[in-house]
Structures are given as structure tokens and as C-alpha cells.
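**Q** no FASTA, just this:
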């Protein structure tokens, strides 16, 4: 069945280091992917998205890479800061016959040590 | 602030009861989505509405129902509540399907 999963449930990095969070998806027909950040007690917050016609997209300190061959998505955070500590979810947008839903991975908890 | 408003923020109720969760989407957004987040299941898609019409159903129990009103706000109704229904319920909205979805702060439901 369709699923989006994360390779690592937790990631701990030092402040200033770069972080890489990985995600695997299973639906090869999906053409839109989103990364969300969720801080404790808050709703998921949009970080960056990418469509399947792209391999890479950059934002402010964040980069998303998409490898459609192996159905892999990654989020890179440059110069990680304590404020980046949160759970990160990748989501796969599945649109079929006019209906649409986001399928979320389990999440990776990022801890940034000062 | 995402612009998506959910009420109430917290809700405590007894088993067997019925509750209604409310969501006001961002201004201009036509699509509304409901998600359930529990510790062991992560974020699970429940249902989607677009401009008042149901568009997609996910893992939504028959005891649960939702609707989107003409002013585009949405309500999620949960009935015959069980302890296992305790979770965070999130609403999200987007302009149209397939575009960036913004989430509300959620309603934390506790069934005792």
C-alpha cells in the first residue's frame, strides 16, 4: 500500500552543523512532496515543497532533494540552530481522480545541541 | 500564525459522548483537510473537502463525520467516543488541492 516512511526516528546534531533528514516514499505516481516541521504543542508548519519535475529546491537554509529513481526525499538544513529542534515530517501528496490527500511519514525528531 | 483557526484548543469528555471540532480555513482557501495525530499512529489523513464537497476519505471511522459549510468553515463530528479516540486533531487548508497546505494549532481531545 501507499506509505511514506523515514529512515531515522531521531537525529542529534551540534549547533552550526548541517542536518540531513531522509524519507522514502512508495507511490511512484506522486508528483508533489512537502516537508513539515512540528514543534511541541503546535501544528505542522510548512517548510519547503518540491514537485516531481525538479530534483532540487532551495529555501532559506533548507534544501530538498528528490530522487525519483529510488523514491527518496531528503531535507538538508544548513547551519542548524537550536530553534530548528522539532519533529520533521515528509508528506507525499497523492492526487487521484479529483481527490487528494497528504500521506505523512512517521517523523524524525531533530535535537540541536548548543 | 498559519491563518487556520481551530476551536476548541482542548476538550475533555467521557466515553460514549459526542463532540464537534471546528475549523476556519485561511481566507481564500477552498480545500479543508482533517488529520488525526496520535503517538502510535502519527499523522493520519481523515477526510478532505473542497468548496463544500467531500473529495477524499482516509482512515475515518464510521463514528466520525465532517462537513464543510457555504462559508467554507468545517466541522468534524466525533460520536460514541472511545478512549482510543484521544488524540490531536488537526485541520489544514489550501487554496486548491495539490498546493501548500497550512495547518491549524489543533484540538487536543482527551476521552476519559
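**A** Structure's in. What do you need? Model, not experiment: these values are computed from the prediction.
**Q** show me the contacts for residue B:103.
**A** A:36, A:43, A:44, A:45, A:46, B:2, B:4, B:35, B:90, B:91, B:92 (CB atoms under 8 Å, 6 or more residues apart in numbering or on different chains). In short, each C-beta sits where N, CA and C put it, glycine included.
**Q** for residue A:84, phi and psi?
**A** Main-chain dihedrals, residue A:84, degrees, to the nearest 10: phi -80, psi -10.
**Q** who's in contact with it?
**A** A:19, A:37, A:77, A:110, A:112.
**Q** hmm, try it at 6 Å
**A** Residue A:84 makes contact with A:77, A:112, according to CB atoms under 6 Å, 6 or more residues apart in numbering or on different chains.
**Q** beta partners of the spatially most central residue of chain B?
**A** Residue closest to the average C-alpha location in chain B (CA atoms, centre = their mean): residue B:34, at 3.4 Å. In this entry, residue B:34 is beta-bridged to residue B:47, residue B:91, by DSSP bridges.
**Q** pretty sure it sits against residue B:76.
**A** Yes. Contact criterion CB atoms under 6 Å: residue B:34 and residue B:76 qualify, at 5.2 Å.
**Q** now do the shared contacts for those two.
**A** With CB under 6 Å, 6+ apart, residue B:34 and residue B:76 have common neighbours residue B:66.
**Q** where does pLDDT dip in chain A?
**A** Counting by pLDDT under 70, the ranges of chain A that qualify are A:1-8, A:97-98.
**Q** how about the residues of it that lie near chain B?
**A** Contacts of chain A with chain B, taken as CB under 6 Å from any CB of the partner chain, map to A:32, A:43, A:44, A:46, A:95, A:99, A:100, A:101, A:104, A:106.
**Q** and the fifth one, how far from residue A:103?
**A** Residue A:95 sits at a distance of 11 Å from residue A:103 (criterion: CB to CB, to the nearest Å).
**Q** out of those two, which sits in the busier spot?
**A** Between residue A:95 and residue A:103, counted using other CB atoms under 10 Å in any protein chain shown, residue A:103 has the larger neighbour count: 22 against 16.
**Q** bridging residues for that one?
**A** Assigned bridge partners for residue A:103, using DSSP bridges, are residue A:92.
**Q** is it true that it touches residue A:92?
**A** Yes. With contact defined as CB under 6 Å, residue A:103 and residue A:92 form a contacting pair (4.8 Å).
**Q** check the residue nearest to the centre of chain B and give its pLDDT.
**A** Looking at residue B:34, its pLDDT is 96.
**Q** can you pull the contacts of it?
**A** Each residue near residue B:34 by CB under 6 Å, 6+ apart is listed here: B:46, B:47, B:66, B:76, B:91.
**Q** switch those over to a markdown table; also include neighbour count and distance to residue B:101.
**A** A markdown table is the format used below for these (neighbours: other CB atoms under 10 Å in any protein chain shown; distance: CB to CB, whole Å):
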| residue | neighbour count | distance to residue B:101 |
| --- | --- | --- |
| B:46 | 21 | 14 |
| B:47 | 23 | 14 |
| B:66 | 23 | 16 |
| B:76 | 25 | 16 |
| B:91 | 30 | 10 |
